[in-house]
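Chemist: Fold the following for me, if possible:
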Amino acid sequence: MWKFLAPPAHKPERSGPEADADYKKLRWQVFLGIFIGYAGFYIVRKNFSMAIPELAQFGFEKSELSIVLSMNAVAYALSKFLMGSVSDRSNARVFLPLGLVLASITMIFMMVPVLVFGPEQKNLAIIVMAILNFLVGWFNGMGWPPCGRVMTHWFSVKERGTMMSIWNCAHNVGGALVGPMAAYGAVWFGSWFFANEPEYYFLIGTYLFPACAAIFVAILAFLLIRDTPQSCALPSVEKWRNDYPKNYSEQHEQVLSTRDIFFKYVLNNKLLWYIAVANAFVYMVRYGCLDWAPTFLKEAQGFDIKQAGWAYFAYEFAAIPGTLVCGWLSDKVFNGRRALPTIIFMALVAVFILLYWQFSDNFTIVTLSLIAIGFFIYGPVMLIGVQALDLAPKNAAGTAAGLTGFFGYFFGTAILANIVIGYVAEHAGWDWTFILLIAACLLSIVLMGLTYKNEQYLAEQKN
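Modeler: Modelled structure (predicted):
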């Protein structure tokens, strides 16, 4: 491993009121660092989607651009798993900003295929776009694992659900900024670079402006984040809060080898495999509903684009309170257990998918159903990531979460939600897509049920 990525050494432990005050202060400082840092990744993640409509004027076709678009999801799925292993053996304070800076620089280079090759060398432009968007996805995969590492080292099991639910809203904050940045960046700065060529203004708003903002965020994240409490001469969070998870060992505070991370703590952990496969079905429901809602409502039910758009917005907006409520329930009501609230929320998702299906000609019920689905689905999305952190030693947390993320994005999103749902809708009709979505809910419930017993020690500790 490169020396600049190596985690800082543990310092002699301090104690007393001053150390306790420092602990409380640093916890909020590092949390703010990973919140704004992760939001920064979403500023430079799916910007290509905003560019697609503008690229049509240069002769690029949707079928060609869809290939470029898919590269981001494939790379992100692979990177979140593989780079998670590197993150587990790296300094989170360096690893996260590095990934964000690399993603930002690559995003700036996304301007090159249009400016240098253009429609005259369209095939070459598409290839370069695909490579660059793959790299954007790969570097974005460096965002989640160091955040997971920070979370496991600074927040204990019984508070992690609440803190992760708050932190998880960072992607909503960052993602929400992409549209306004694209619009205002083009208006404010487009003429600086392209003067009387307004057809190129979108390149500034879509790529350059967000990338520069993300680099600034990376600097802030570096200033705020600290790797572990021990590197700041403080005790482990388990010792500080007297909150020890099952099978805790002080060896988990040490940096593990790649072999131990993969073969001892991740790939041999059957509980991780259960939640990874469950995550694929959860993501199938998440993106199966989200990505196909406008098409289903417009083509199958005759809703206009404005109605479909508002239904889509309602789904996404409901995610924020739903995630916060689910995280709070996991910690305060279920005492740090993740399986049971996930099962309850997925059962409710199935109920509202049924309503969405059976009353799809009623705009009010459709909108309320999508709000409910969005409210309940994002809690399990978040909690499965938290449970992955809980099931592995702290220094294998990034790899564990990466495994569940890989299953969610690669199998759940790219294959099941996008390809399978699209194929079934085309050849068997929309009714069968709803049957598949309800089946996915039930399968996720069964798989999460297999982890239920493992968490019962937390219920016993409540009393």
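Chemist: C-alpha from now on. contacts and neighbour counts both.
Modeler: Noted.
Chemist: Specify which residues of this structure, grouped into ranges, have pLDDT under the cut-off.
Modeler: 1, 62-63, 245-265, 290-291, 294-295, 298-301, 303-313, 316, 394, 455-463 (pLDDT under 70).
Chemist: Tell me how it divides into domains.
Modeler: 8-237, 264-454 (automatic domain parsing).
Chemist: possible to save those as JSON lines with mean neighbour count and distance to D243?
Modeler: Shown next, in JSON lines, are these (neighbours: other Cα atoms under 10 Å; distance: least, Cα to Cα, whole Å):
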{"stretch": "domain 8-237", "mean neighbour count": "21", "distance to D243": "6"}
{"stretch": "domain 264-454", "mean neighbour count": "21", "distance to D243": "11"}
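Chemist: Switch those domains over to JSON lines; also include distance to W2.
Modeler: Formatted as JSON lines, these follow (distance: least, Cα to Cα, whole Å):
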{"stretch": "domain 8-237", "distance to W2": "9"}
{"stretch": "domain 264-454", "distance to W2": "18"}
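Chemist: To Y244, which of those lies closest?
Modeler: Among the domains of the chain, the nearest to Y244 by Cα to Cα is domain 8-237 (7.6 Å).
Chemist: helices or strands next to the helix or strand containing W138 in the packing?
Modeler: Using DSSP states H and E, W138 sits within helix 122-140. Packing partners of helix 122-140 (3 or more Cα pairs under 8 Å, 6 or more residues apart in numbering; DSSP states H and E): helix 62-88, helix 92-109.
Chemist: How about residues contacting the next helix or strand after that helix?
Modeler: Note on helix 122-140: by DSSP H and E, the next helix or strand toward the C-terminus is helix 144-154. By Cα atoms under 8 Å, 6 or more residues apart in numbering, the residues outside helix 144-154 that reach it are 27, 30-31, 34, 38, 80, 83-84, 87-88, 92, 95-96, 160, 164, 226-229, 236-237, 389, 394-395, 397-399, 401-402.
Chemist: May I have the next helix or strand after helix 144-154 as PDB, with CA atoms only?
Modeler: Going down the chain from helix 144-154, the next helix or strand is helix 157-168, by DSSP H and E. Taking C-alpha atoms only, helix 157-168 is exported to PDB below (Å, rounded to 0.1, in the frame of the first residue of the first chain):
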ATOM      1  CA  VAL A 157     -23.600  -0.400  17.600                       C
ATOM      2  CA  LYS A 158     -26.600   1.000  19.600                       C
ATOM      3  CA  GLU A 159     -26.300   4.500  18.100                       C
ATOM      4  CA  ARG A 160     -25.100   3.600  14.700                       C
ATOM      5  CA  GLY A 161     -28.500   3.200  13.100                       C
ATOM      6  CA  THR A 162     -29.600   6.700  14.000                       C
ATOM      7  CA  MET A 163     -26.300   8.300  12.900                       C
ATOM      8  CA  MET A 164     -26.200   6.300   9.700                       C
ATOM      9  CA  SER A 165     -29.700   7.300   8.800                       C
ATOM     10  CA  ILE A 166     -28.800  11.000   9.200                       C
ATOM     11  CA  TRP A 167     -25.600  10.500   7.200                       C
ATOM     12  CA  ASN A 168     -27.400   8.600   4.500                       C
END
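Chemist: between helix 157-168 and helix 144-154, what angle do the directions make?
Modeler: 140 degrees (axes from the mean of the first three to the mean of the last three Cα atoms, to 10 degrees).
Chemist: The helix or strand that helix 157-168 is followed by packs against which elements?
Modeler: Counting by DSSP H and E, the next helix or strand C-terminal to helix 157-168 is helix 170-194. Counting contacts by 3+ Cα pairs under 8 Å, 6+ apart, helix 170-194 packs against helix 17-43, helix 47-55, helix 201-203, helix 209-224.
Chemist: How far away from the center of its chain is helix 170-194?
Modeler: 21 Å (Cα atoms, centre = their mean, to the nearest Å).
Chemist: Would you reformat the helices and strands packed on helix 122-140 as CSV and include distance to R286?
Modeler: Output for these, formatted as CSV (distance: least, Cα to Cα, whole Å):
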stretch, distance to R286
helix 62-88, 15
helix 92-109, 25
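Chemist: on contacts alone, who are the packing partners of the helix or strand where I275 lies?
Modeler: Using DSSP H and E, I275 sits in helix 270-295. The contact analysis (3+ Cα pairs under 8 Å, 6+ apart) places helix 270-295 against helix 305-317, helix 363-391, helix 397-406, helix 430-449.
Chemist: Report the inter-axis angle for the second one versus helix 430-449.
Modeler: Counting by the same axes, to 10 degrees, helix 363-391 points 30 degrees away from the direction of helix 430-449.
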